[in-house]
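A.B. asks: return atomic coordinates for the entry below.
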Amino acid sequence: MKPRDRLRIAMQKSGRLTEPALELLKRCGLTFRQSRDKLFCFGEGEPVDLLLVRDDDIPGLIAQGVCELGIVGRNVLDEFRLTAGRESEPLAELRPLGFGRCRLSIAVPQEFDYREPSQLSGQRIATSYPGLLGAWLRERGVEAGVVTLAGSVEIAPKLGTADAICDLVQSGGTLVANQLREADVLLESEAVLAGPQSLPADERGDLVELLLKRLDGVIQVRESRLLLLQAPRAALEAVTRLLPGGPQPTLLPVAGQPDQLMLQALCAGEVSWRQLEEIKKAGAREMFVLPVEKMLA
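C.D. replies: Down below sits the predicted model:
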């Protein structure tokens with residue numbers, strides 16, 4: 001069968017990762033036209049298409065070669081890597097994407113005085129992530145029963161089918177509603193770009209490299225700000241010392257004012273009012289803080 005010449009990315013059809021993922025791809029210059037069944041999106045500008053599926057199916061589709069890439073939670077990717085058979089294509093986390101943050105945690109009944117993992121020995125722990133939980137327990141020498149559930153893990157202690165749970169936690173509100181409390185964290189998760197460890201040696205591999213460069217640019221400037229200001233030459237050292245982290249600033253002369261300089265600095269993160277006030281005290285004036293839309297290194 002002739003290899004596809006278009007890159008295909010699998011992502012969650014509906015859920016908390018869907019909108020941020022689409023926005024990220026849009027900022028990378030990718031636009032799509034959705035099919036009538038709303039399961040496939042055809043790339044209009046670049047030869048890159050989307051397949052909209054359940055998040056649990058994404059690693060398997062990459063491993064089978066149906067898609068080259070996938071946007072999925074680290075928890076789902078790591079669970080697949082632990083439980084997939086050896087015949088499956090090895091997958092890699094190519095980039096963390098900075099949204100959909102949560103954690104995979106052990107939660108126990110509120111009256112359980114949890115202090116260390118050894119207290120879980122002999123307990124039944126309900127989870128949808130038996131691979132990750134099993135690996136965590138083995139690393140700590142804890143022998144506990146793993147009860148695998150497809151959903152509604154948090155009600156297992158109430159039903160008497162488990163003594164504790166291992167589940168994803170964001171705010172912790174669901175735990176409180178079920179008289180549980182977070183006891184230990186197994187994994188800090190977020191959305192990641194997943195792919196095979198060996199990328200295709202054809203046009204699709206070139207498209208992956210192009211997408212990775214665009215992603216790096218978008219992610220790098222997501223929280224960056226461009227700071228513009230004027231300062232006397234005599235105050236340049238003091239002003240530069242107070243700039244937020246980033247590359248060395250660019251200096252430009254000010255027409256008709258040989259003792260003044262225009263300074264342009266890319267700041268890695270927000271620039272607070274307090275920082276601006278300190279920079280002004282050092283001699284700067286006419287300060288502007290601007291958002292950064294795109295950057296290509």
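A.B. asks: direction included, what does the host helix or strand of Met262 pair up with?
C.D. replies: Per DSSP states H and E: Met262 is located in strand 257-267. According to DSSP bridges, strand 257-267 has the following sheet partners: strand 225-232 (antiparallel), strand 250-254 (antiparallel).
A.B. asks: extract the C-alpha trace of that strand and format it as PDB.
C.D. replies: Taking Å, rounded to 0.1, in the frame of the first residue of the first chain, the C-alpha atoms of strand 257-267 are listed here in PDB:
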ATOM      1  CA  GLN A 257      19.200  62.600  21.200                       C
ATOM      2  CA  PRO A 258      22.700  61.100  21.200                       C
ATOM      3  CA  ASP A 259      22.600  60.500  25.000                       C
ATOM      4  CA  GLN A 260      19.400  58.500  24.800                       C
ATOM      5  CA  LEU A 261      18.800  54.800  23.600                       C
ATOM      6  CA  MET A 262      15.700  52.800  22.700                       C
ATOM      7  CA  LEU A 263      15.800  49.400  24.200                       C
ATOM      8  CA  GLN A 264      13.800  46.400  23.000                       C
ATOM      9  CA  ALA A 265      13.800  43.200  25.200                       C
ATOM     10  CA  LEU A 266      11.900  39.900  24.900                       C
ATOM     11  CA  CYS A 267      10.900  39.000  28.400                       C
END
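A.B. asks: so for that strand, what gets flagged as buried?
C.D. replies: Going by neighbour count (16 or more other CB atoms under 10 Å), the buried part of strand 257-267 is Gln260, Leu261, Met262, Leu263, Ala265, Leu266, Cys267. (Glycine included, C-beta is placed from N, CA and C.)
A.B. asks: could you check how far Ala234 is from Gly283?
C.D. replies: Going from Ala234 to Gly283 by CB to CB, to the nearest Å gives 7 Å.
A.B. asks: these two: which is more packed in?
C.D. replies: Neighbours were counted for Ala234 and for Gly283 using other CB atoms under 10 Å; Gly283 has more, 17 against 9.
A.B. asks: just the pLDDT for the more buried one.
C.D. replies: We note a pLDDT of 92 for Gly283 in this prediction.
A.B. asks: now swap in the one 10 residues further on and tell me
C.D. replies: We note a pLDDT of 77 for Glu293 in this prediction.
A.B. asks: can I get the following helix or strand past the strand holding Met262 in CSV, CA atoms only?
C.D. replies: Downstream of strand 257-267, the first helix or strand assigned by DSSP H and E is helix 273-281. The C-alpha trace of helix 273-281 is given here as CSV (Å, rounded to 0.1, in the frame of the first residue of the first chain):
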residue,chain,number,x,y,z
TRP,A,273,3.7,46.7,37.6
ARG,A,274,6.3,46.4,40.3
GLN,A,275,9.0,45.5,37.8
LEU,A,276,8.1,48.4,35.6
GLU,A,277,8.2,50.8,38.5
GLU,A,278,11.7,49.5,39.5
ILE,A,279,13.0,49.9,35.9
LYS,A,280,11.6,53.4,35.8
LYS,A,281,13.4,54.3,39.0
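A.B. asks: tell me the buried residues in the helix or strand just after helix 273-281?
C.D. replies: Reading on from helix 273-281 to the C-terminus, the next helix or strand found by DSSP H and E is strand 285-291. Neighbour-count burial for strand 285-291 flags Met287, Val289 (criterion: 16+ other CB under 10 Å).
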